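> quick one, what's the 3D model for this:
(one chain, ligands or ions: 1)
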Amino acid sequence: MNQDAKTRSQRAVRQLLESWQRSGVTYLRQMEPLPELPAETTSPVEAPQEKPVQTVAPTTPLPRQSIVPPPQPTETSEEPTLESEQARKEMSVPRTTKSKMNKGDRQAELDILATQVSKCTRCPELAETRTQTVFGVGNPRAKIMFIGEAPGADEDKQGEPFVGRAGKLLDKIIEACQMKRSDIYIANILRCRPPGNRNPTDLEASNCRGYLDAQIEIVDPDYIVCWGSVAAKNLLHSDLPIGKMRGDFYEYGRAKVVCTYHPSYLLRNPSAKKNVWEDMIYLFADMGINLKAQV
Ligand code: URA
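Numbers count the residues shown, from 1 in each chain. This is a model prediction of the structure:
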């Protein structure tokens, strides 16, 4: 390409990015370099085909399920806001190839995103009532990512997920799995506390989805644990009760997803702790770690 053509194409790219920025796009996922293709295999008029979500061969005796395709925008009693429409557009297809980003770059991208989240007003009620946003915490290159529901009162005060009573129980589960909290990345479906700890609405979950997908994209975990039905339902677009979702691996892009009971449920129903322990054994067995031998 000669210098003039290069300058023209750089200007065109800059103009395109600026127009996206003006229309509200706040985050673009970093693409892996595209493989070189022989010239005759690409047509100048055809966009390259989107890679289908890949099914990884099962490595466990239990069947592996694909995630249900995302539903059409959910009907809610509330009018979708312009912001929620924007959030839907920002929903990225989960990555199917391993990220090559180093730890420092991932942390830098998470920091930029956290700053954007801290100013978010997509859900007016939550933006008005929160003390602060609760972005996420942990290892930016974690193999395992935990997804909970939404911050509660303690998290809203401290700005960190799972620091209240449920969080203390989660810490014990992490410890029983011979891990430290700092080994894992922890986030929620929502980044703001719903008043009175009510369940997130579909609209709120959809407003926040772009942020969650961006965190998954950056951290690029091998495994995701959905704690409770709100996390499982929202991440995987499934309406199955959590008890029915346990015991299988689901797919979210490159990550294998395990669904289990929420620690708050365990506080009310301690007898379900054994089920969560089974789910942890199942997850760690897939990583080649026998938790039973370690306790
Ligand atoms: N419950 C959640 O789901 N997330 C938190 O961060 C705290 C409690």
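> so what does the closest residue to Met179 other than its chain neighbours have for phi and psi?
Once its chain neighbours are removed from consideration, Met179 has its nearest residue in Ile144; the separation is 7.8 Å (CB to CB, 6 or more residues apart in numbering). From N, CA and C alone the C-beta is placed, and that goes for glycine too. The phi and psi torsions at Ile144 (degrees, to the nearest 10) take the values phi -120, psi 130.
> residues touching Ile144, list them.
Under the criterion of CB atoms under 8 Å, 6 or more residues apart in numbering, the contact partners of Ile144 comprise Met179, Asp183, Ile184, Tyr185, Pro221, Asp222, Tyr223, Ile224, Val225, Leu283.
> narrow those to just the buried residues.
With neighbours counted by 16 or more other CB atoms under 10 Å, the contacts of Ile144 contain buried members at Met179, Ile184, Tyr185, Pro221, Tyr223, Ile224, Val225, Leu283.
> so of the residues you listed, which ones are in strands?
The strands in this structure, assigned by DSSP state E, contain Tyr185, Tyr223, Ile224, Val225 from these.
> the ligand: which of the residues you listed is nearest?
For those, the closest approach to the ligand (CB to the nearest ligand atom) belongs to Val225, at 11.8 Å.
> so that closest one sits against Phe146, correct?
Yes. With contacts defined as CB atoms under 8 Å, Val225 counts as touching Phe146 at a distance of 5.1 Å.
> all helices for the stretch 151-295 of the chain, in order.
With DSSP state H, counting those that start in this stretch applied, the stretch 151-295 of the chain shows helices at 153-158, 165-176, 202-219, 229-236, 242-245, 263-268, 273-286, listed in chain order.
> show me what counts as buried in stretch 228-244.
Judged by neighbour count (16+ other CB under 10 Å), stretch 228-244 contains these buried residues: Gly228, Ser229, Val230, Ala231, Ala232, Lys233, Asn234, Leu235, Leu236, Ser238, Leu240, Ile242.
> and the pLDDT at the nearest residue to the last one once chain neighbours are set aside?
Just to be clear, that refers to Ile242. Nearest residue to Ile242, sequence neighbours excluded (CB to CB, 6+ apart): Ser229, at 4.2 Å. Per-residue confidence for Ser229 comes out at a pLDDT of 97.
> can you tell me which residues in the stretch 101-250 of the chain are near the ligand?
Near the ligand, the residues belonging to the stretch 101-250 of the chain are Gly148, Glu149, Ala150, Pro151, Gly152, Glu155, Pro161, Phe162, Gly164, Ala166, Gly167, Asn188 when assessed by CB under 6 Å from any ligand atom.
> can you tell me the SS state at Ala150?
Of the three states, Ala150 takes coil according to DSSP: H, G, I helix; E, B strand; the rest coil.
> phi, psi for it please.
Dihedral pair for Ala150: phi -160, psi 160, per degrees, to the nearest 10.
> pLDDT score assigned to the closest residue to the ligand within the chain?
Shortest the chain-to-the ligand distance, computed as CB to the nearest ligand atom: residue-wise this is Gly148, at 2.8 Å. With respect to pLDDT, Gly148 has a value of 98.
> that one: what's it in contact with?
Under the criterion of CB under 8 Å, 6+ apart, the contact partners of Gly148 comprise Pro161, Phe162, Ala166, Ile186, Ala187, Asn188, Ile189, Trp227, Gly228, Ala231, His262.
> ok so, going back, from what I see, the residue nearest to Ile242 and Lys244 are in contact.
No. Applying CB under 8 Å as the test, Ser229 and Lys244 come out as separate, 10.0 Å apart.
> show me where pLDDT drops low in the protein?
1-92, 295 (pLDDT under 70).
> any chance you could map the strands in it?
With strands called from DSSP E, the chain shows them at 64-65, 137-138, 144-148, 185-188, 223-227, 249-252, 255-260.
> Serialize those strands to JSON lines and add fields for distance to Ser118.
Rendered in JSON lines, the data for those read as follows (distance: least, CB to CB, whole Å):
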{"stretch": "strand 64-65", "distance to Ser118": "36"}
{"stretch": "strand 137-138", "distance to Ser118": "14"}
{"stretch": "strand 144-148", "distance to Ser118": "19"}
{"stretch": "strand 185-188", "distance to Ser118": "15"}
{"stretch": "strand 223-227", "distance to Ser118": "24"}
{"stretch": "strand 249-252", "distance to Ser118": "26"}
{"stretch": "strand 255-260", "distance to Ser118": "26"}
